[in-house]
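Chemist: need coordinates for the following:
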Amino acid sequence: MIDKFKKIFFSYWFLALVFSIPTFSTLIRSGYFPMHDDISAMRLLEMDKCVKDGQIPCRWVPDMGFGYGYPQFNFYAPAPYYLMEGFHLTGLGYLDSVKAGFIVSFILSTLGMYLLGKSLWGSLGGFVSAVFYSYLPYRAMDAFARGAVGELYALALIPFVFWACREALLGRKRAVLWLALSLSALLGSHNITGMIFLPFFVGWAIFLVFSQKLSLLPDFKKRIFELGSGIVWGLGISSFFILPAFVERNLVHIKTLTGGYFDFLAHFVSFSQLFFSSYFGYGTSEAGPWDETLFTVGIFHWAIPVLAIVVAYALKKRKEIPNLLFWVVAGLVAAFLAHGRSVFLWKTLPFTSFIQFPWRLLILSGFFFSVGAGAIALFFPKGGRKLLYALALCLIVILFYAGMFKPLKWLNITDAEKFSGEAWQRQQTVSIFDYLPITVKKGPTHEAPQMPRVVSGDAEVSNWQKGTDWQKGEIVVKQKATLEFPIYYFPNWEVIANGNKLNLDYQNDLGLISVSLEPGDYEITAGLRNTPVRTLGNIISLIGFILIPLYLRKK
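Modeler: All right, here's what the predicted structure looks like:
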């Protein structure tokens, strides 16, 4: 047992985790901190209501849209919130569960980068890459300024995807499963990153085939098949989300996601910002090079892999040069796509407007340069000094960037305070048009009522109950009446009266469901049913999950 503990404490992956602690240590306290996207706790609250209400997968959230509800998790990547819900179900509060989710993303990033770096440069190289990646300036901005949960998990999962791709092509055991799990988690955490990372991922696979001369191996076709199987499997597991999110995107307002402040033309980054800036602020992205926050690759992050190439050429280490060049060139390409000179590509390629911010490419640029930084360990002097060089380099990076990994200020706030009063109303209405159904012509000015409203005629509503994607109660109609439900219409909402499906009308400014009833007593149930696309996505994902134990049993 003592030998096992010694092995852990003196392992490079454990050392990398220890070095990463300052990046998230400020989160280990009660309270919360302000951020740009300050509705993560609200999303978790809604996810919790879905899970406890049996709405799995969660699609429709009841409190957003000023209480009228909307299909948040039909379009907004839900995976991190399922993880946070796991923390909440163990007894953590909502705010603490969100912070725990942040911390897990930091830890996963370090471990994933260590695995990838180790597979390329050895254990010491993996340690260097992991520390560089842990202290990526963009990660600090994502966590402590923007509060971008989806991007934090994209940063955490990309190393696993690239590592699993390499393992699959090299014929390693269970690599197909690792690729499927990491890819599905990435797509379910941040679909925008999934979109921009795809060309680089394909490039990585092609590079491996040629650099490792895999096409000459007798089982080459089998390895390609396993790589393809892992990708298809990953797409399958995440189908419950990615299929409706793509196919049904025309059912909600999306212009607010690509226009005005979110127009990509206003968010390119200058050359000096990308490579030489060290200013860290908690403000917003602005047009031009005067942003109030930090959009940089990191001076050390790009300088060290470039230095590694120079050293490799000087020492005539030709075997390492192609691999190093891949990561540096990929990092430069990603950085170029964040620069204004790439605007012609943004205007040409489809779907680029949904990326919103060209500086999102810093996710990939920082990742590629961090991988490449680990190669410097290959050229350290042999013997005990090798570790000392690595530690010295990593300590310099930590000292230079650690100060960025802290909130601007800390709030001694509880869950109850977060979800009450003006704070509650603000979270119900923030970015309200992002996922409102297309039938909604204007946003609401008042919070939704707790029961249907009698628009005309004479009727009484009693015993009304509201769930996450359902509402029900009793209605006594004395004179033919029209009732308006506090629900935005979205395809496959149904209203059943005494077992009979009613015709729905939603031709009003708010796009609310309304029905007409003749005199009589009614038991009313309103519920959101799945469309064929949602059902298909659920079935494919279920099959994908079922295949996991079958695969493990077979192996």
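Chemist: so, low pLDDT: which residues of the chain?
Modeler: Where the chain drops to pLDDT under 70, the residues are 1-10, 258, 288, 290, 555.
Chemist: where is the longest helix in it?
Modeler: As assigned by DSSP state H, the longest helix anywhere in the chain is helix 94-121.
Chemist: and that helix, what does it pack against?
Modeler: The helices and strands touching helix 94-121, judged by 3 or more C-beta pairs under 8 Å, 6 or more residues apart in numbering; DSSP states H and E, are helix 12-20, helix 40-53, helix 79-89, helix 123-134, helix 149-169, helix 362-373, helix 415-418. C-beta: built from backbone N, CA, C; applies to glycine.
Chemist: show me how far that helix is from its chain's centre.
Modeler: Going by C-alpha atoms, centre = their mean, to the nearest Å, the spacing between the C-alpha centre of helix 94-121 and its chain's C-alpha centre is 13 Å.
Chemist: between helix 149-169 and that helix, find me the angle.
Modeler: If you take axes from the mean of the first three to the mean of the last three C-alpha atoms, to 10 degrees, helix 94-121 sits at 30 degrees to helix 149-169.
Chemist: got the angle for helix 94-121 vs helix 79-89?
Modeler: 130 degrees.
Chemist: quick one: helix 94-121 to helix 12-20, angle?
Modeler: For helix 94-121 against helix 12-20, the angle by the same axes, to 10 degrees is 130 degrees.
Chemist: helix 94-121: which residues count as buried?
Modeler: Judged by neighbour count (16 or more other C-beta atoms under 10 Å), helix 94-121 contains these buried residues: 94-121.
Chemist: give me the angle between that helix and helix 40-53.
Modeler: Going by the same axes, to 10 degrees, helix 94-121 makes 100 degrees with helix 40-53.
Chemist: number the chain from 48, please
Modeler: Got it, first residue is 48 now, which makes that one helix 141-168.
Chemist: orientation of helix 141-168 relative to helix 409-420 in degrees?
Modeler: Helix 141-168 and helix 409-420 meet at an angle of 40 degrees, taking the same axes, to 10 degrees as the criterion.
Chemist: any idea of the angle helix 141-168 forms with helix 170-181?
Modeler: Interaxial angle, helix 141-168 versus helix 170-181 (the same axes, to 10 degrees): 140 degrees.
Chemist: tabulate the helices and strands packed on helix 141-168 (JSON lines), appending distance to I402 and mean neighbour count.
Modeler: Listed next are those as JSON lines, based on distance: least, C-beta to C-beta, whole Å; neighbours: other C-beta atoms under 10 Å:
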{"stretch": "helix 59-67", "distance to I402": "28", "mean neighbour count": "19"}
{"stretch": "helix 87-100", "distance to I402": "21", "mean neighbour count": "21"}
{"stretch": "helix 126-136", "distance to I402": "19", "mean neighbour count": "21"}
{"stretch": "helix 170-181", "distance to I402": "22", "mean neighbour count": "27"}
{"stretch": "helix 196-216", "distance to I402": "12", "mean neighbour count": "26"}
{"stretch": "helix 409-420", "distance to I402": "11", "mean neighbour count": "29"}
{"stretch": "helix 462-465", "distance to I402": "30", "mean neighbour count": "15"}
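Chemist: do you know which of these lies nearest W349?
Modeler: Proximity to W349 (C-beta to C-beta) singles out helix 409-420 among the helices and strands packed on helix 141-168, at 4.9 Å.
Chemist: now the closest one, how far from the chain's geometric center?
Modeler: Per C-alpha atoms, centre = their mean, the displacement of helix 409-420 from the mean C-alpha position of its chain is 18 Å.
Chemist: that helix - contacts with which helices or strands?
Modeler: Contacts defined by 3+ C-beta pairs under 8 Å, 6+ apart place helix 409-420 against helix 141-168, helix 170-181, helix 184-188, helix 196-216, helix 238-258, helix 346-361, helix 368-385.
Chemist: quick one on the thing from earlier: how about the helices and strands packed on helix 141-168 in a markdown table, adding distance to G306?
Modeler: Formatted as a markdown table, the helices and strands packed on helix 141-168 follow (distance: least, C-beta to C-beta, whole Å):
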| stretch | distance to G306 |
| --- | --- |
| helix 59-67 | 38 |
| helix 87-100 | 23 |
| helix 126-136 | 27 |
| helix 170-181 | 34 |
| helix 196-216 | 21 |
| helix 409-420 | 23 |
| helix 462-465 | 30 |
